Each structure stands twice: as structure tokens, then as C-alpha cells.
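> Just the structure for this:
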Amino acid sequence: MTRKTPPPTNSRPANAGHLIWISGPVARARVTTPLGLLEQVWAGEARLTGEVIALEHDQATIQIYEETSGLRPGEPLFASGRPLSVMLGPGLIGQTFDGIQRPLAVIRDQHSLDTFSGIFIKRGSEAEALPSRRWHWRPEATIGSVVTAGAVLGVIPETPLVTHRLLVPSNLAGTPETLAAEGEYGLEEAIAVIRDAAGERHQVTMVRHWPVRLARPIRERLEPTEPLLTGQRVLDTFLPLAKGGAAALPGPFGAGKTVLQHTLAKWSDADVIVYVGCGERGNEMAQVLKEFPELIDPRSGHPLMERTILIANTSNMPVAAREASIYTGITLAEYYRDQGYHVALMADSTSRWAEALREIAGRLEEMPAEEGYPAYLPSRLAAFYERSGRVRTLATGEGSVTIIGAVSPPGGDFTEPVTQHTQRFTRALWALDRALASARHYPAINWQTGYSFYLQAVTSWWRSEVSEDWAALRSQAAELLEEDTRLEQLVRLVGSEALPDRQRWVLEAARLVKEGYLQQSALHPVDAYCNPAKQVKLLRLFVTIYQLGRELIASGVTLVAIHQVLDIPGLVRLKETVANDRLQQLDDILTSLSDRLQALRPPVNR
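Presented below is the predicted three-dimensional model:
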């Protein structure tokens, strides 16, 4: 059945009733016309955006996404006739929206002279999400050919990094009767007219609307097999994430969640980045809005915003819009996934989103569950993370949405409900450690606490694309770090000087791996990003040194003699002194050190 095109946002909404009860972001209204569950509405004379979340007889419960101060019973309620939706089309990339897809820069310019609203969004503000401009269109389909749902009709250069592929709507298939010639067109102009199997004609424009709580359709879900390369050694090597996967990033205050999210947004090899600042402090989000437009994409040399969408919904903005922001973000991510792109969505943080659920549930007087959260918290988290995935699109192309959700457990308690439930629905855990952060070890990801169930899926890619021995090197390094963890308790009791050389060498080699490999500076011009080839060569160097040292000690060579050959501080600095395009230096160092260490072997008695 063909979905009716929703009315434009600037059409006058119908009066649907009046308000009778208001409590914070929740209101009730007596309705006089039919309303649908999850329908978008406007409350009061100020036209505050809201959504119907419950219906009982002639009463509707409404979640309002704006500040409700001054709203009074008796004020009118207006209906839109469609669910809470986002506007899809060219012009999304590079913009900054709030939680319900209002473009912040446009609204700022509209109210720049308003002395009452100041720096905040004026209540009832509305602006089209897509810029009003003409776009260069080039058709790829042909008149008279058969097109299926999701097929590419034509392309629009959205930014130098992203080519917008205009697709046949997901509920439509047929034959193009007309197709606009290459040229400049507005968003609402008819690009094509498609006749379906029933003979009905459908006009296609560049603009679509899609309900944020409804996942966009796909043809088939595929198993994630290719890693999302982040350039962070502790993640790519020890806790890999596949494109189309989902990872939880829990950590206490000050452990570096936001900085790591920014680093992943800059360096990950996704085609499109959607960054959702959900309930974080205003100063942190302001820093994001200031820094992101200035960042340069390291892969292309273009501004990073040319492949990024920002959604800013800070803690001082209305709490209900925080609940909607992650759905807005994931819908935009799915839209570019359907065009065949690999999209990474950073949600910072889902704990603040869960707190919004808790506050709204309290206003509705719902029965609380664990720590006051509503009983449906697990199902809402599951519905969000299940929208990640590597998929075959309706037109048989491939795309993916990868979700990295930051969690802010109070006091760093990973047993609290949001963290526990998030771990149930994600296959990778990047646990941030307060002790590592206090020791200035960044990223402060605990390689012992964290895990990844994508390891087996991505191993074949590493073997075929980078190095055959990647899995073996990773396994040997992991065993070394595990043995180091076991020895740490003994060291606390007796001190390292009381240990034999064999165990002291384990501590030395593990320190080399931790400081020379796992520790990485996000601000260093060389070390901020480490490509896969450098990761393997560095790991091979440290693992080989450890194995040779262990063999030498077993043959009677003292640890002092080994120290005389090795420059440990110099080896730790290799991550910063060897650039990604100078990797032959690492091979030369490995050959030189191997020869010098082998020369320490005692002669074999015949």
C-alpha cells in the first residue's frame, strides 16, 4: 500500500482539542478529532512540538519536546496527521540539529535579535531541516526501464566527500515515465514520475519523510566481517569492532569517554559520521560544535564536517527531546546506509537518554523498576541497538550502521541497570578504567575487563589484507598481558626485586606492550592515528623481543645483559617517532635487535 506523503511542516495544522493537564514535559488533552498513537502534535498557542504517547477514550497523553513553562490548560492542541518524523534529502551532511531535527544554525540566525530568548532556542521555533537551495541532479535510471524499491534514480553531489544517491521510495516500484534531465533543481520539484503495476502515477522529489521510531526496511541482514578501523591500537587489535556491529563504552566521570568518541569520529574509516550529543553538559557539546567544523578529515584533507551530521541535545535542553534524539540520529544513519554507505553513529551518552525515560515515566506515574527506571528500559535499549547492522539494501547493494554507545554509570558502577542491559545487546565492551585514567594512560580502556565477540569475524580480514600472523601475534601479546596481571599481585607482596629474572622479564615486556603499544595520545601528530600495517609491525617487534628475551633467560643469559642491548624508553617512543609511511624503519630495528640479542646466546657445548 502506498504511504501518503505527509503534509509539509509549514502547512496549517488542524485543531484537535485542548489541554487539560500539564506536568513538566508531559501533558494531557481532551481531543475532538481522531489522533494516532505516536502522532506528532503541537501544544498551545506557542505551537510546542510534541508526540502522542498514550490514548484513552477522548484523552491523549502528550510528550512535549520543548520547555512547557507558561503553558496553561485550555490552550489548543494541533494535529499533524503523521508520526514524529525526520526530513530526508540532500543537505543533511554538515548540519547541526537538535533532538527533533531543528537546524540550530538556522534558528540562531532567525532569533539573533530576540533579547528574550538570548542564546537559547525560542519556544515554538520551526525551520526546515534541509536548506532551501537548488541541487545539481544527474539521472542514472532510464525512462521505460523497470525500477524496484530502493534503486538509484540519480545522484546529487551533496559534499565533496558524499554523493547523495536519490533512491526509489521503499514502498514503490514501477517504470519511470518522466525523468528530469541533468541540471539544477529545488527540493520540492518533481524529479521523476513513476507508474506502478496498478497504473497509478507517483511523483518523486528529493525530499522524503520517515518516522523516527520505525526502522527503515532492508532486504537481508548480513554477518559483519570487515573491521571498523579506528586507528586506536587497543581497539583494533585487542577489542575489534566490525562494521555493522555495536559497542558499549562505559566509564566513570573523567575517564575520557567524550574524547574517545571524538577520536573515533575523526579517525574511523566510516563513510558518514552521525554524532549524537544526548544529555551531555552544555560546555562539552559547545566544544564539539566549535572543534568539529575546524577538524580536517585525515583521509581526504577536506573538513570533517563534509561527512558528518551533529545532533546536539544538551542537559539544559528539554528532557523529552533528549529521548527522541537517538531515534533521530539512527534514522539519519539508516538513510545513508540505504544509499550504500558505511555509517558510524556515536551516542554520548545513552545513560542521559535513559534518565529522560525515567523522568517521563515518573511524570506518567508508571510503576518503577530497577533504580527507578521504567520496566521497558531493556526493550527500548534493544530496539535501538538492533538498528545497527550490515545489510543488503532493497536494491541489493550493501551498507552498514555501526553504533558506539557511551554509558555514564553513576560512580563508575558497571552493575547499574543501563550498563548491564547495554551489555546484553552489544557484542563489544570497551570498559574505561578510572585507575588507568588517573595514571594518564589513554585511551583508558581496560584490556582485561573489555571484550569483543567480533574477533573471529574480523580475523580473516586482517589475515588477508594486512598480515597472516596477526591472530598469532595478538594471542601471544594477550597471554603476556594476562601473565603480567597475575604477577602484579605477587609484586605488591614481595616487590619485583625478589622475583626471578624470568618473571621480571615478563613485567618488563608487558610494560613495553602497555606503554609502547596500548597507550596512545589523541593529540600527538604522529601517534593520534596508527594504520593497520604499523599496528602489526609494532606488535611483531614487541612480541619478538619478548620471546627472544624469554629464550635467552632460559639459556642462562641475565636480565642485566638483555637490558644493555635494549633501549626500553626508545622502544616505547617508536609509536611517536616512526610515521605511518616509514614502516621500513620498524623492520630494520627488528632485524638489528634480533641479531644483537641472538649474539648474547652462550655457545653450545659439544
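> Which helix runs longest in this protein?
Longest helix in the chain, counting residues (DSSP state H): helix 470-494.
> Would you mark the buried spots in that one?
In terms of neighbour count (16 or more other CB atoms under 10 Å), helix 470-494 has its buried residues at 470-471, 473-474, 476-477, 480-481, 484, 487, 491. Where you see a C-beta, it was placed from the backbone N, CA and C, and this is true even at glycine.
> any idea which of these is the one closest to Ala141?
Comparing the buried residues of helix 470-494 against Ala141 with CB to CB places Trp470 closest, at 42.7 Å.
> Just the pLDDT at that closest one, thanks.
Here the pLDDT value assigned to Trp470 is 97.
> Quick check: it touching Trp462?
Yes: counting by CB atoms under 8 Å, Trp470 does reach Trp462; the two are 4.1 Å apart.
> can I assume Glu576 is in contact with Val526?
Yes: using CB under 8 Å, Glu576 makes contact with Val526 at a distance of 5.2 Å.
> shared neighbours of those two, anything?
Residues touching both Glu576 and Val526 (CB atoms under 8 Å, 6 or more residues apart in numbering): there are none.
> just checking, what packs against the longest helix of the chain?
Applying 3 or more CB pairs under 8 Å, 6 or more residues apart in numbering; DSSP states H and E, we find helix 470-494 packed against helix 455-465, helix 501-513, helix 532-554.
> Tell me the helices and strands packed up against the next helix or strand after the longest one.
Spelled out, that is helix 532-554. For helix 532-554, the following helix or strand on the C-terminal side (DSSP states H and E) is helix 559-565. Judged by 3+ CB pairs under 8 Å, 6+ apart, helix 559-565 is in contact with helix 501-513, helix 532-554, helix 584-598.
> So the chain: which segments form each domain?
1-82, 135-206, 220-458, 470-598 (automatic domain parsing).
> related to what we said a few turns ago, let's have the helices and strands packed on helix 470-494 in TSV, adding distance to Gly570 and mean pLDDT.
TSV is the format used below for the helices and strands packed on helix 470-494 (distance: least, CB to CB, whole Å; pLDDT from 0 to 100):
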stretch	distance to Gly570	mean pLDDT
helix 455-465	28	96
helix 501-513	11	95
helix 532-554	12	96
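> where's the longest helix of the chain relative to the chain centroid, distance-wise?
31 Å (CA atoms, centre = their mean, to the nearest Å).
> quick one: that helix to helix 532-554, angle?
Relative orientation of helix 470-494 versus helix 532-554 (axes from the mean of the first three to the mean of the last three CA atoms, to 10 degrees): 50 degrees.
> contact partners of helix 470-494?
Under CB under 8 Å, 6+ apart, the answer for helix 470-494 is 237-238, 447-448, 459, 462-463, 467, 499, 503, 506-507, 509-510, 513-514, 517, 536, 539-540, 542-543, 546-547.
> Can you name the next helix or strand after the helix-or-strand element of the chain with minimal mean pLDDT?
Least confident helix or strand, the chain: helix 282-291 with a mean of 73, by mean pLDDT, DSSP states H and E. Using DSSP H and E, the helix or strand that follows helix 282-291 in sequence is strand 308-313.
> how far off helix 282-291 does that following strand point, in degrees?
Per the same axes, to 10 degrees, the angle that strand 308-313 makes with helix 282-291 is 160 degrees.
> list the helices and strands strand 308-313 packs on?
Using 3+ CB pairs under 8 Å, 6+ apart, strand 308-313 is in contact with strand 96-97, strand 272-278, helix 282-291, helix 319-338.
> do you know which of those lies nearest Lys266?
Closest approach to Lys266 among those is made by strand 272-278 (8.5 Å; CB to CB).
> Partner strands of the closest one, with direction?
Applying DSSP bridges to the sheet, strand 272-278 is found paired with strand 308-313 (parallel), strand 342-348 (parallel).
> Give me the below-cutoff pLDDT ranges for the stretch 101-250 of the chain.
Across the stretch 101-250 of the chain, the ranges flagged by pLDDT under 70 are 111-120.
> all strands of it, in order?
135-139, 152-157, 163-167, 175-179, 183-185, 192-195, 201-204, 208-211, 220-222, 246-250 (DSSP state E, counting those that start in this stretch).
> Report the angle between the second one and strand 175-179.
Right, strand 152-157. 40 degrees.
> Relative to Leu92, which of the strands of the stretch 101-250 of the chain is closest?
Using CB to CB, the nearest of the strands of the stretch 101-250 of the chain to Leu92 is strand 163-167, at 8.7 Å.
> So which elements touch the closest one?
Where contact means 3+ CB pairs under 8 Å, 6+ apart, strand 163-167 is packed against strand 152-157.
> Go again with 10 Å.
With contacts defined as 3 or more CB pairs under 10 Å, 6 or more residues apart in numbering; DSSP states H and E, strand 163-167 has these neighbours: strand 135-139, strand 152-157, helix 319-338.
> tell me which residues of that strand are tucked away?
Buried residues in strand 163-167, counted by 16+ other CB under 10 Å: 164-167.
> List the contacts of Gly36.
Applying CB atoms under 10 Å, 6 or more residues apart in numbering to Gly36 gives the contacts 52, 55, 60, 79-83.
> which of those count as buried?
By 16+ other CB under 10 Å, these give 52, 60, 79-83 as buried.
> Would you list the phi and psi of Gly50?
Main-chain torsions, Gly50, degrees, to the nearest 10: phi -150, psi -180.
> how close does it sit to Gly124?
Distance, Gly50 to Gly124, using CB to CB, to the nearest Å: 11 Å.
> Check Ala43 too.
The gap separating Ala43 from Gly124 is 10 Å, by CB to CB.
> Any idea how many residues pack against the closest residue to Glu306 other than its chain neighbours?
Nearest non-adjacent residue to Glu306, counting by CB to CB, 6 or more residues apart in numbering: Thr159, 4.0 Å away. Other residues near Thr159 come to 17 when the count uses other CB atoms under 10 Å.
> list the contacts for Thr159?
90-91, 93-94, 302-303, 305-308.
> are any of the residues you listed buried, and which?
90-91, 93-94, 303, 305, 307-308.
> Dump those residues to TSV, plus pLDDT.
Compiled in TSV, these are given as follows (pLDDT from 0 to 100):
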residue	pLDDT
Pro90	96
Gly91	95
Ile93	96
Gly94	92
Pro303	87
Met305	90
Arg307	93
Thr308	93
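> Most widely separated two among those residues?
Between any two of these (CB to CB), the greatest distance is 17.5 Å, for Pro90 and Pro303.
> how long is stretch 202-222 end to end?
With CA to CA, to the nearest Å as the measure, the first residue of stretch 202-222 is 32 Å from its last.
> Repeat that for stretch 200-214.
One end of stretch 200-214 sits 26 Å from the other (CA to CA).
> picking up where we left off before, adding distance to Arg72, write the buried residues of strand 163-167 out as a markdown table.
Putting these into a markdown table (distance: CB to CB, whole Å) gives the following:
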| residue | distance to Arg72 |
| --- | --- |
| His164 | 44 |
| Arg165 | 48 |
| Leu166 | 45 |
| Leu167 | 45 |
